[in-house]
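Undergrad: Turn this into a model:
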Amino acid sequence: MSEVRLIPFRTEEVLEATSEVPKGIEMIEAPALWEGTKQGKGNVIAIIDTGCQTDHPDLKGRIIGGKNFTTDYDGDETNFSDNNGHGTHVSGTVAAIEDGNGVVGAAPQANLLVLKVLTGEGSGKMQWIIDAIDYATNWTGPNGEKVRVMSMSLGGPKDIPELHTVIQEAVKNDISVVCAAGNAGDGREDTPEYGYPGAYNEVIQVGAVDFERNLAEFTNTNNEIDLVAPGVNILSTYLEGKYAKLSGTSMATPHVSGSLALIISLAEEQFQRRMTEAEIFSQLVKRTVSLGHSKVAEGNGLVSLAFQDKLESLFSTHNRKQETTTPSYSTK
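TA: Numbers count the residues shown, from 1 in each chain. Now for the predicted structure:
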């Protein structure tokens with residue numbers, strides 16, 4: 001079975017310290033949903049990556065569990081520490097806490113299940129990833145929690161049937177599987193590039209844009225792209241308690257994974273029941289805006305978490321105006 005690697009990414013800058021809401025988190029409008037969703041509290045997101053720096057101050061209390069599927073640390077299954085940096089960066093974009101220091105993630109109160117499937121060199125066996133997806137699908141937390149979202153910023157060029165099967169099983173269990181589109185793009189929207197598992201129809205495949213809403217020059221385009229998110233110069237947590245700005249569809253993916261934690265909390269509170277994966281995807285799509293690119297480049301558009309609420313407010317205001325300006329008639 002083939003080897004899988006981190007989707008290539010660029011390290012733009014490493015910072016000793018910072019204190020800000022990252023531009024990407026603002027761009028997807030995550031803070032607008034925090035109050036009504038308890039910042040995603042109670043939802044578990046599986047980070048299937050290089051591990052995580054478990055004692056990073058910005059991730060304090062967010063990691064609910066984890067497992068090492070690799071040969072790193074002599075195969076110690078209990079040691080899922082990050083010896084690469086990528087997994088820690090992804091984790092921070094999903095769920096870095098809001099405490100006025102460092103950075104903050106899209107869903108600051110969501111919990112992370114950290115599954116290390118790639119070594120410090122950024123490579124791993126396909127079987128490790130398959131086993132991790134199966135583990136996350138069947139995992140139960142200390143208080144009965146179940147994984148609601150899987151976040152995978154990794155991939156390879158080959159369609160592996162066993163990988164597809166285990167992802168389909170996860171989706172059947174109402175888990176949203178979010179995958180990076182890949183960074184093999186050539187800057188042209190009419191030339192498709194496919195990477196797996198991103199290109200599977202069942203997953204939510206994420207492309208990347210910059211802060212000016214332009215497509216990132218590296219982002220894959222294909223007919224399975226579902227949406228896009230910020231993926232250029234993304235600030236998040238990094239090794240040794242530091243912070244870094246990285247670029248890649250790997251960085252766009254966790255913006256969507258964190259967004260889903262907020263959407264799940266919001267939708268299930270509104271509907272007063274547990275929502276299916278298809279229903280959650282529908283709620284996600286409602287909170288996107290087109291950027292004017294082709295569908296094979298941007299799918300449904302950019303994540304815009306406050307968009308639906310703005311629309312509802314607009315219609316509500318319009319209806320109130322109509323009520324006050326429409327003349328009333330009485331009959332004799």
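
Undergrad: going forward, measure contacts between C-alpha atoms and count neighbours the same way
TA: Will do.

Undergrad: Now the terminal residues of stretch 191-205, how far apart.
TA: In stretch 191-205, first residue to last residue: 17 Å (Cα to Cα, to the nearest Å).

Undergrad: Same question for stretch 144-158.
TA: Criterion Cα to Cα; first-to-last residue distance in stretch 144-158 is 36 Å.

Undergrad: can I assume E202 is in contact with E169?
TA: No. With contact taken as Cα atoms under 8 Å, E202 and E169 are classed as non-touching, separated by 10.0 Å.

Undergrad: The two - which one has more neighbours?
TA: Between E202 and E169, counted using other Cα atoms under 10 Å, E202 has the larger neighbour count: 19 against 14.

Undergrad: Could you pull up the contacting residues of that one?
TA: Residues near E202 by Cα atoms under 8 Å, 6 or more residues apart in numbering: I167, Q168, V171, V177.

Undergrad: For A229, list each beta-bridge partner.
TA: On DSSP bridges, the residues paired with A229 through beta bridges are A208.

Undergrad: residues near it, how many?
TA: Neighbouring residues of A229 were enumerated by other Cα under 10 Å; the total is 30.

Undergrad: Does it touch G258 like I think?
TA: No. Under the criterion of Cα under 8 Å, A229 makes no contact with G258, lying 11.4 Å away.

Undergrad: need the strands for the stretch 1-150 of the chain, in chain order.
TA: Under the criterion DSSP state E, counting those that start in this stretch, the stretch 1-150 of the chain contains strands at 3-6, 10-15, 44-49, 63-68, 111-116, 123-125, 147-152.

Undergrad: for those, which one sits closest to K38?
TA: The closest of the strands of the stretch 1-150 of the chain to K38 is strand 111-116. By Cα to Cα, the value is 12.4 Å.

Undergrad: Compute the inter-axis angle for that closest one and strand 147-152.
TA: 40 degrees (axes from the mean of the first three to the mean of the last three Cα atoms, to 10 degrees).

Undergrad: what's the offset of strand 111-116 from the middle of its chain?
TA: Its chain's average C-alpha position is 13 Å from that of strand 111-116, according to Cα atoms, centre = their mean, to the nearest Å.

Undergrad: Give me the packing partners of that strand, helices and strands only.
TA: In terms of contact count using 3 or more Cα pairs under 8 Å, 6 or more residues apart in numbering; DSSP states H and E, strand 111-116 is assigned the packing partners strand 44-49, strand 63-68, helix 86-95.
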